[in-house]
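Trainee: Please work out how this folds:
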Amino acid sequence: MASYFKNLIDKYFHTEDQISLSILLVFIGIIVIFFGSILTPLFISALVAYLLNSVVTATERRGFSRPIGLTISITLFFGLYLSLFLIFPLLSRQIIGLVNELPRIVENLEDILVNFFNDYPEFFTSEQIENLSVTVTSSLPNILEQTLLQLNAGFSAAMSALVYLVLIPFLVFFFLKDKKQMLEYVAYFLPSDKSSASKIWIELDSQLFKYLRGKVLELIIVGIVTTTAFSILGANYSLLLGILVGLSVLIPLFGAIFVTIPVAIVGYFQWGLDMNYLIFLATYLIIQALDGNVLFPLLIGREVNLHPVLIVLAILIFGGIWGFWGVLLAVPLATAIRAVIKSWPAVNN
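Mentor: As a prediction, the model looks like this:
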């Protein structure tokens, strides 16, 4: 066992560049773990700037200067950014409408459950029905209270998000504008022989860029298609539901499961169990199927796809450290870690 670990150290943590990179990564890991929640807007801004820099690079390849590329990239970013504020009034009205409708939804759920017990007396005794009715009657107000508390917590998170919405554009602008100076500063901490660091960056850049670009496009496409389809069907809160379905792609495996619940409930209380509701659900399921089987492989590719077990571990670990933002950043961080491990320099004995 001792010889195994000795060989492992000699292979991966022996040379000057391996040791220097290890120290740098440990330092970055400490900063991320202990100050990650504070630095969340910095991380998000860095990821956005990283994606927008590809626009700058593309314009430079076509013979334009970097200032022109920066102007195009920043204009594109602020155009998309301002579009969020254009839809905000309608979105806020739909959120308020749904919150106001929650008591009616809870009361209807109570009636549905009580009627279900009464409609199938062969499965329940009269005493069980009475006990279940009392339990349902007492539990649903608590569920409503907890839902409102969660909405209040969500409101606090939304206020934090508004602060981020003001802060992030400035950070993105300076990340793009001062990219060269920042990279020179980072290079100062790297070993003199930067071949290993370059190899790691090439792999990291390839994997992370494919994932982030693919996820952004997937989010936009799924959000727009869902909102449009729900609007055509006449669904209530179509914009809110479309945005939720679009955002759910950021959380693999769990996102689709969580967002299905509000979609199914809102549709049911609008139409009941009739043909319109079945068409509504079928449309939603078709969108999810096309996203998982066509859009995701097309935009991101199988080579970037993480194993489901790794996704669950990443969500649990980073979600436990940073909460909501950790869940959102879990897969990009896991992708980055995998890229570093895959390209880590090794000494062949």
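Trainee: what helix or strand does Gly97 sit in?
Mentor: Element membership for Gly97 (DSSP states H and E) is helix 66-119.
Trainee: and that helix, what other elements does it pack with?
Mentor: Packing partners of helix 66-119 (3 or more CB pairs under 8 Å, 6 or more residues apart in numbering; DSSP states H and E): helix 40-61, helix 126-177, helix 238-248, helix 254-271. All C-beta atoms are positioned from the backbone trio N, CA, C, and that covers glycine.
Trainee: pLDDT averaged over the second one - what is it?
Mentor: In this model, helix 126-177 has an average pLDDT of 65.
Trainee: ditto for the first one
Mentor: Helix 40-61 carries an average pLDDT of 85.
Trainee: Report the angle between it and helix 66-119.
Mentor: 130 degrees (axes from the mean of the first three to the mean of the last three CA atoms, to 10 degrees).
Trainee: same question, the last one
Mentor: Helix 254-271 runs at 60 degrees relative to helix 66-119, counting by the same axes, to 10 degrees.
Trainee: I'd like the next helix or strand past helix 254-271.
Mentor: Counting by DSSP H and E, the element after helix 254-271 in chain order, helix or strand, is helix 275-290.
Trainee: Can you report how many residues neighbour Ile243?
Mentor: Neighbourhood size, Ile243 [other CB atoms under 10 Å]: 19.
Trainee: what does Phe189 give?
Mentor: 13.
Trainee: nearest spatial neighbour of it, skipping sequence neighbours?
Mentor: For Phe189, ignoring the flanking residues on the chain, the nearest one in space by CB to CB, 6 or more residues apart in numbering is Leu24 at 5.8 Å.
Trainee: Only C-alpha atoms, please: export whichever strand or helix holds the one you found in PDB.
Mentor: Here Leu24, judged by DSSP H and E, is contained in helix 16-35. As requested, C-alpha coordinates have been extracted for helix 16-35 and formatted as PDB (Å, rounded to 0.1, in the frame of the first residue of the first chain):
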ATOM      1  CA  GLU A  16       8.100  21.500 -10.000                       C
ATOM      2  CA  ASP A  17       5.200  22.300 -12.200                       C
ATOM      3  CA  GLN A  18       3.000  19.600 -10.700                       C
ATOM      4  CA  ILE A  19       3.700  20.900  -7.200                       C
ATOM      5  CA  SER A  20       3.200  24.500  -8.200                       C
ATOM      6  CA  LEU A  21      -0.100  23.700  -9.900                       C
ATOM      7  CA  SER A  22      -1.200  21.600  -6.900                       C
ATOM      8  CA  ILE A  23      -0.500  24.500  -4.500                       C
ATOM      9  CA  LEU A  24      -2.400  26.900  -6.800                       C
ATOM     10  CA  LEU A  25      -5.400  24.600  -7.100                       C
ATOM     11  CA  VAL A  26      -5.500  24.000  -3.300                       C
ATOM     12  CA  PHE A  27      -5.500  27.800  -2.700                       C
ATOM     13  CA  ILE A  28      -8.300  28.300  -5.300                       C
ATOM     14  CA  GLY A  29     -10.200  25.500  -3.700                       C
ATOM     15  CA  ILE A  30      -9.900  27.100  -0.200                       C
ATOM     16  CA  ILE A  31     -11.100  30.400  -1.600                       C
ATOM     17  CA  VAL A  32     -14.000  28.800  -3.400                       C
ATOM     18  CA  ILE A  33     -15.200  26.700  -0.400                       C
ATOM     19  CA  PHE A  34     -14.900  29.300   2.300                       C
ATOM     20  CA  PHE A  35     -15.800  32.500   0.300                       C
END
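Trainee: Would you mind measuring from the residue nearest the centre of the chain to Val222?
Mentor: For the chain, Leu250 is the residue whose C-alpha lies nearest the centre (CA atoms, centre = their mean; 2.9 Å). Leu250 sits at a distance of 10 Å from Val222 (criterion: CB to CB, to the nearest Å).
Trainee: Kindly report the same for Gly267.
Mentor: With CB to CB as the criterion, Gly267 and Val222 are 18 Å apart.
Trainee: Same check on Ile31?
Mentor: For Ile31 relative to Val222 (CB to CB), the value is 33 Å.
Trainee: Looking at the two, which is more packed in?
Mentor: Legend: neighbour count by other CB under 10 Å for Ile31 and Val222, higher for Val222 (22 against 11).
Trainee: what mean pLDDT would you report for whichever helix or strand that one is part of?
Mentor: Secondary-structure element containing Val222, defined by DSSP H and E: helix 195-232. Helix 195-232 comes out with an average pLDDT of 86.
Trainee: No further questions, thank you.
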